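In: Pasting the sequence and the predicted model now:
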Amino acid sequence: MRRIAWLGALALGCKAGAPPDLPSLPLDPRAGCVATETNTWNPSRNDSWVETLAYDAFGSLVSREYVLEGPGTDFLQTWVRRPDGDYEEYVVDLAIDGTVDEREVYTWDGADVVLWEHDVDGDGTVDDRSEFDSEGGLVLEERYDFGADGSFDSRFAFTYDEGGHNTEITRDDGLDGSVEWLAEATWDGDLLLQYTEDEAVDGGYERFDLYEYDDAGHRVRWEAFDAARIDDTIVWTYDFLDGDDQPDSGTYRSTSAGALYTGATWAILRDEAGRPTQELWFLDYDDDGEPDATLTSGTVWDCGG
């Protein structure tokens, strides 16, 4: 779906099937590869893990196996993708025992998605469904039947600018033409500058986000406000080597009281094709400027060569 994924996710809550990789292009260096990523903490923790990620011929992620070294739930996610990267089916296998524990299926008419069906518990019964009105790959309206009982509970309408960027979402809970929730976005070309949510549709903002970018278009600052104060500020910095557009190192800072860590310094090593082979994260949990933990991610690529 060409509808901007982040805006739909903010409005509806990220569906479990949302893939964790970035959109891929033809000749993506990950195409046809399997990556085995080992993630290790220092000091040692019991939630170190290994991920195995498989990519199709277009470089889109089609399976992700996640295995914890300590207590916790292993799982396997698989996606059936279209050549354009959009997905037709998503399946979750908890415990990696061959059981379907959750499934999502999308039905398409050319470039347009027309139906989404969700089996929450893998029993073969559709628990949630949504019908879409789409045009040229842009979703114009979503109608949700959360009980899958044949009656729609809610409707979302989407508005776009000439570049295909999602600029407005409205929600009608009574399906009577009223608006119970409003989200708006402001863009500069392909760069998102501002996002707001008006939950009472009274002209006030319950959420107000601002974004800043460097000259190359990399997001370097995000601020989230409520009506009285700054709730959260995240600042990124990037360093680049050899004129490459991919960042090789940088920093992250957050003022959020609920953040897992307040700051981090990170660095990435890549192979000749640009695929990451090692990532180092130095994490600061108590905002004293000193690293409290190191997360090392080493990736081995098997591309059949």
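Out: That came in fine, so what should we check first? Residues are numbered from 1 along each chain as shown.

In: Give me the neighbour count for the residue nearest to G204 when sequence neighbours are not counted.
Out: Computed as C-beta to C-beta, 6 or more residues apart in numbering, the closest residue to G204 that is not its neighbour in sequence is D198, at 6.4 Å. No exception for glycine: its C-beta is placed from N, CA and C like everyone else's. D198 has 18 neighbours, counted by other C-beta atoms under 10 Å.

In: Would you enumerate the residues in contact with D198?
Out: Applying C-beta atoms under 8 Å, 6 or more residues apart in numbering, we find D198 in contact with 181-184, 204-206.

In: what's the closest of these to G137?
Out: Checking those against G137 by C-beta to C-beta gives A183 as the nearest, at 20.5 Å.

In: which outside residues touch the helix or strand hosting the closest one?
Out: Here A183 sits within strand 181-188, counting by DSSP states H and E. If you take C-beta under 8 Å, 6+ apart as the criterion, strand 181-188 is touched by 4, 7, 10-11, 161, 163, 165-171, 192-199, 201.

In: so what strands line up beside it?
Out: strand 166-172 (antiparallel), strand 191-198 (antiparallel) (DSSP bridges).

In: What are the buried residues along the longest one?
Out: Spelled out, it's strand 191-198. 192, 195-198 (16 or more other C-beta atoms under 10 Å).

In: Then stretch 289-296?
Out: By 16+ other C-beta under 10 Å, the buried positions in stretch 289-296 come out as 291, 293, 295.

In: What of stretch 153-161?
Out: Neighbour-count burial for stretch 153-161 [16+ other C-beta under 10 Å]: 154-158, 160.

In: Find the nearest non-adjacent residue to G263, please.
Out: The nearest residue in space to G263 (C-beta to C-beta, 6+ apart) is D284, at 4.1 Å.

In: Next, count neighbours for G59.
Out: The number of residues packed near G59 is 20, by other C-beta under 10 Å.

In: So it sits against R81, correct?
Out: No - in this structure, G59 is not within contact of R81 by C-beta atoms under 8 Å, at 10.2 Å.

In: OK, contacts around the residue nearest to L192 when sequence neighbours are not counted?
Out: The shortest distance from L192 to any non-neighbouring residue, by C-beta to C-beta, 6+ apart, is to Y211 (5.5 Å). Contacts for Y211 (C-beta under 8 Å, 6+ apart) come out as 191-195, 219, 221-222.

In: from these, which single one is nearest A148?
Out: Checking these one by one against A148 (C-beta to C-beta), the nearest turns out to be Y195, at 30.9 Å.

In: what bridges to the closest one?
Out: A185, D209.

In: so what's it up against?
Out: Y195 touches 7, 10, 183-186, 207-209, 211, counting by C-beta under 8 Å, 6+ apart.

In: Throw these into a markdown table and include distance to R143, thanks.
Out: A markdown table is the format used below for the contacts of Y195 (distance: C-beta to C-beta, whole Å):
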| residue | distance to R143 |
| --- | --- |
| L7 | 18 |
| L10 | 19 |
| A183 | 18 |
| E184 | 21 |
| A185 | 22 |
| T186 | 27 |
| R207 | 24 |
| F208 | 29 |
| D209 | 27 |
| Y211 | 31 |
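
In: Dump those residues into TSV; add distance to W301 and pLDDT as well.
Out: Putting the contacts of Y195 into TSV (distance: C-beta to C-beta, whole Å; pLDDT from 0 to 100) gives the following:
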residue	distance to W301	pLDDT
L7	32	40
L10	33	35
A183	39	95
E184	41	96
A185	36	97
T186	39	97
R207	39	85
F208	41	88
D209	35	89
Y211	32	90
